[in-house]
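Chemist: here you go, sequence then predicted model.
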Amino acid sequence: MEASRKSISSVALTFGLVTGLVMILYNLVLYVFEATTNQYLSYVSYAILLIGMFLAIKFYRDKEAGGTLSYGQGIGLGTLLALFASLLSGIFTFILYKYIDPQAIEPMIQAAREKMYQQGLEGEQLDQSMAITKQFMQPHWMALSGIFYTTLIGLLLSLVVSVFLKRTK
């Protein structure tokens, strides 16, 4: 009896949820060690996404698609995986900053102020920029922008990963 093939969307969902959970665990570590404002450490989340994407596309190609994978399939799977992972991560972000620790946003706002000041903004310009920044440093905006940007980065990463993992008959 031949095993049924999993669809691209089911593989993306499974690997996306696992990748999203790993990203949440990593973000929890950053939160516990008060390193959420460290921009370089935040890039590790994209490395986690890249690894999850690579594993998912390779799994689909080798185990579900009989060793073949088109470029489009790889892009679709990778982007869908990023969407699922970012949705899970976005929900976590919203809950964390809305209900668990709303004051955790303040250090991020201060880091943004410091960065703007270092870039030469002062006085009225700095105040106007900070007013806009504070509007977008709300839990719902942080979650939505995280979902959007992580999915976009996922699309870009899947363009690259799919080049290396595509295989035709």
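Modeler: Cool, got the structure. Model, not experiment: these values are computed from the prediction. Numbers count the residues shown, from 1 in each chain.
Chemist: residues contacting the spatially most central residue of the chain?
Modeler: The central residue of the chain, meaning the one whose C-alpha is nearest the mean C-alpha position (Cα atoms, centre = their mean), is Thr150 at 3.6 Å. Going by Cβ atoms under 8 Å, 6 or more residues apart in numbering, Thr150 touches 45, 49, 82, 85-86, 89-90. Using the backbone N, CA and C atoms, a C-beta is placed for each residue, glycine as well.
Chemist: list the contacts of Ile51.
Modeler: Thr19.
Chemist: how close does the residue nearest to the centre of the chain get to Ala56?
Modeler: When distances are taken as Cβ to Cβ, to the nearest Å, Thr150 and Ala56 turn out to be 15 Å apart.
Chemist: what are the buried residues along the longest helix anywhere in the chain?
Modeler: Taking DSSP state H as the criterion, the chain has its longest helix at helix 139-165. By neighbour count on 16 or more other Cβ atoms under 10 Å, the buried set for helix 139-165 is 139, 142-143, 146-147, 150-151, 153-155, 157-158, 161-162, 165.
Chemist: residue ranges with poor pLDDT in the chain?
Modeler: For the chain, applying pLDDT under 70 flags the ranges 1-4.
Chemist: so Ala85 is in contact with Tyr46, correct?
Modeler: No - with contact defined as Cβ atoms under 8 Å, Ala85 does not count as touching Tyr46 (10.8 Å).
Chemist: okay, the two: which has more neighbours?
Modeler: When Ala85 and Tyr46 are compared for neighbours, Ala85 comes out ahead with 30 against 17, by other Cβ atoms under 10 Å.
Chemist: that one - nearest residue in space that isn't next to it in sequence?
Modeler: Gly20 (3.8 Å; Cβ to Cβ, 6 or more residues apart in numbering).
Chemist: and the angle from the helix or strand harbouring that neighbour to helix 139-165?
Modeler: Following DSSP states H and E, one finds Gly20 within helix 8-32. Counting by axes from the mean of the first three to the mean of the last three Cα atoms, to 10 degrees, helix 8-32 lies at 120 degrees to helix 139-165.
Chemist: so what touches helix 8-32?
Modeler: By Cβ under 8 Å, 6+ apart, helix 8-32 touches 36, 38, 41-42, 44-45, 48-49, 51-53, 55-56, 59-60, 64, 73, 76-78, 80-89, 92-93, 96, 101, 104.
Chemist: out of these, which end up buried?
Modeler: 36, 45, 48-49, 52-53, 56, 59-60, 64, 73, 76-78, 80-89, 92-93, 96.
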